[in-house]
Structure formats: C-alpha cells, structure tokens
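**Q** Provide a 3D model corresponding to the input given below.
(chains A and B)
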Protein chains: 2
Amino acid sequence: MTTAPRLTAKGRATRDRIVAAATDLIAVRGVAGLSLDEVRRAAEVSGSQLYHYFDGKQALIRAVITRQATAGPSPEIGALDSQEALRAWADAAIEYQERDRGVGGCTLGSLAGELAVGDDEARAELSSGFLSWQGILREGLAAMCDRGDLRADADLDELALALLAALAGGNVLSRTMRTTDPLRAALDAALARVASFAP
Amino acid sequence: MTTAPRLTAKGRATRDRIVAAATDLIAVRGVAGLSLDEVRRAAEVSGSQLYHYFDGKQALIRAVITRQATAGPSPEIGALDSQEALRAWADAAIEYQERDRGVGGCTLGSLAGELAVGDDEARAELSSGFLSWQGILREGLAAMCDRGDLRADADLDELALALLAALAGGNVLSRTMRTTDPLRAALDAALARVASFAP
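**A** Take a look at the predicted model:
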C-alpha cells in the first residue's frame, strides 16, 4: 500500500485534485492511455507539484485504486441492509453507467480488467478493494437475516459475491456493448436471487 | 474486422499457431504486456513470418479477439438448452479458472477490461463477441421455454445477459482475488435464477 505522506490541508486538497483528475482520465482512456502530462493539466498543477505527491504513474494509479476502493456506497445510500437499499445501490450503478453513455467509468472492475494481470501490487490492492465491498454487502445481508428479512438458509457469502460479480460483469458488458441493458439485467437477476430468500 | 488473407493449409496452421501463442501469452501478461518477440519465439516462427500474417500488435490482438469470440462453448458441451447443459457450461468455466489458479485466462471479459476503453475497433469486435455469446445462451433458453422447461413469463434476454455478466464478473473477481469462489457464486446464483422460472 502506498502511504500518503502527512500533508497540510492545502497539500491534501492538491493531492486529492490530482487523484480525481487521474480517475476521470482513466474513465475515458483506460490506464494504458493515462498520461501524466494530461493529469497535470487537468489538475492544474506543475510537474514538480505532481512529482512531489507521486513518484510516477504507478504510484498515481495505486492512489486511484485506493480512492475507488474506499469510495464505498454513496453516503446517501448508506448501509445496504434492505431490499430497498440494495435496489437504490443497483440503480445508482446503472445511472452512473447511463450518465457516461457506457463510455467509461473508472470502477474497480474496469481497473481490475487492466491491472489484475501483470501488476501484482495493483492486483493485491484491487483484491482488498473487492473484499471490502464484499464485506459491506455481506454486512447488509446479515442485518437483513437478523431482522428476519432473509431466511436462515441463505448463503450470505455467495449472495454478496453474486451481487458484486453482477456489478462488475454488468459494467464490463455495458461498457463494451454501449448499452446499460447488461448491467440492468445482471443486477435485477442478482437482486431477485436475494429476494428469493425472503421468508 | 480483420479478414484473413486466403491461406494454404500450411499457412493457416502457422497463422493459428501464432494466434494461439499470443492468446496464451495474453492470458499470463495481459494485452499491455504482450511482446511480438515473445509471440514469435513461442510460436517458433521468424519475424518475417509473423509480419507476413499480422502487420503489427493491433492486428494480432484483433485475431485473438476473433479466436476467443468464436471459440464458443466447448464442442462436448453443445447447445445450452437445459439446466444440465448450463450447469456443465458453468462448471467448465470454473474448471478453466481453477486450472489457471486464477492467474490468467484470456477470456473476452478480460480482453474487454483492457481494450474496451481507448481502442474503439477492438471494443466493437468484443461487443460482437459478447452478442454472439448472448445469442447462444438466449437460443438455449428459448429451446427450454419451447419444451416447457421454463415458464412463458421468463425474460429470456435478461436471463441470457445475467448469465453472461455472471461469467464475466465472476472471472474478473476470481482473477483478481485469486480464488474461484466469486465465479462459482456468481454462476450458481445466475443458474438458480434461471431455475426459478421452471414451471
């Protein structure tokens, strides 16, 4: 893991601006097409400022992974502990893909597509990101189970992974096929699978 | 689409050997890590032979996409027109991922992860590949419907896309997390969703 140096508030804001600019550029060009020069221009920082925070493209990419892995469900969505909350989570993902017209998106899944092979450090960080998402989903499902909204025979690990895979697979198909249909179909099917364990 | 020039049987065998070698190398290194020199060595051809068939890395990558898109379900699996056939298809995908210990795999999904952003020609070919897989799955589901194995209210397009997304998403998670659990969970959930439409 890249540990960010201790920064002043202003330094943190500059670093965040650089990472945000890199995230947006990766969404459009992919990791392979990322140019530090473009990041510098988009973030409106000098080359020496950029290198002060990141000693190269790899370090910057790690920071993007960490950013996307810890972004978590939007704050307005909150815990994913009801059918309605899961539906809102799915709808937010579909809307995000729709807004981009399926062009880009800088999701963990798309980063994994580019980085999971051939860059083991990036792969390990992406894996932690997926694990933390799996944990958030599993926690929500466990709360549903505790409240009696899901039967005790529901396999929560399987359901959490199935939801996450529907998101990742739906995104990759939607981005490639330039339609949100696959993402919608995948998430609808995964949510229906969860709903099938209602008592 | 790259159209292969008319080739003698020997020429076709050489070209196939080159594409097979590139596919194997991409499975381990990703598209970004593919070196034509390594392909040449692995396929045991000279540089001029390689350039006779492919005028560069992009042309070779297109040929790999076409190869993987038309590979289709293994011949021993046949039409995906029963729960058992779908189960065998899913098991073959899990076994493929298991054999690789989650390291690589040169699936359409992993190619899409690397190429769907920033290379529009590759994206379009990958999209055709996904469409043709979607068609194979939909055809199988329609046959099940005709035979009365699925209720008439089953949305076959949604189910076909959900199965394909489970495969793509399960693969990307499994490759990143180095365990077949996500792929298994995603495919099990998608198959259960199909089974839920049995009369």
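**Q** Which residue ranges of chain A form helices?
**A** A:9-29, A:36-43, A:47-53, A:57-70, A:83-99, A:108-115, A:120-146, A:156-177, A:181-195 (DSSP state H).
**Q** With chain B as the reference, name the closest of those.
**A** Among those, helix A:108-115 comes nearest to chain B, with 1.4 Å by C-beta to the nearest C-beta. No exception for glycine: its C-beta is placed from N, CA and C like everyone else's.
**Q** Buried residues of the closest one, list them for me.
**A** A:Leu108, A:Gly109, A:Ser110, A:Leu111, A:Ala112, A:Gly113, A:Glu114, A:Leu115 (16 or more other C-beta atoms under 10 Å in any protein chain shown).
**Q** Pull the residues that contact that helix.
**A** Helix A:108-115 is contacted by residues A:26, A:30-32, A:61, A:64-65, A:68-69, A:104, A:122-123, A:126, A:129-130, A:133, A:167-169, A:171-172, A:175, B:30, B:32, B:109-110, B:112-114, B:116-117, B:169, B:172-173, B:175-176 when judged by C-beta atoms under 8 Å, 6 or more residues apart in numbering or on different chains.
**Q** If I take the helix or strand of chain A with the lowest mean pLDDT and helix A:120-146, what angle do their directions form?
**A** Ranked by mean pLDDT, DSSP states H and E, the weakest helix or strand in chain A is helix A:108-115, scoring a mean of 78. Comparing the axes of helix A:108-115 and helix A:120-146 via axes from the mean of the first three to the mean of the last three C-alpha atoms, to 10 degrees yields an angle of 150 degrees.
**Q** can I get the CA coordinates of helix A:108-115 in PDB?
**A** The C-alpha trace of helix A:108-115 is given here as PDB (Å, rounded to 0.1, in the frame of the first residue of the first chain):
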ATOM      1  CA  LEU A 108     -12.700  -1.300  -9.500                       C
ATOM      2  CA  GLY A 109     -13.900  -3.800 -12.100                       C
ATOM      3  CA  SER A 110     -12.500  -1.800 -15.000                       C
ATOM      4  CA  LEU A 111      -9.300  -1.200 -13.200                       C
ATOM      5  CA  ALA A 112      -9.000  -4.900 -12.500                       C
ATOM      6  CA  GLY A 113      -9.600  -5.700 -16.100                       C
ATOM      7  CA  GLU A 114      -6.500  -3.700 -17.000                       C
ATOM      8  CA  LEU A 115      -4.300  -4.300 -14.000                       C
END
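**Q** next one: it to chain centre, how far?
**A** 9 Å (C-alpha atoms, centre = their mean, to the nearest Å).
**Q** That helix to helix A:9-29, inter-axis angle?
**A** If you take the same axes, to 10 degrees, helix A:108-115 sits at 70 degrees to helix A:9-29.
**Q** ok, back up a step: pick out the shakiest of the helices of chain A, pLDDT-wise.
**A** For the helices of chain A, the weakest mean pLDDT is recorded on helix A:108-115, namely a mean of 78.
**Q** can you list the domains in chain A?
**A** A:9-68, A:72-195 (automatic domain parsing).
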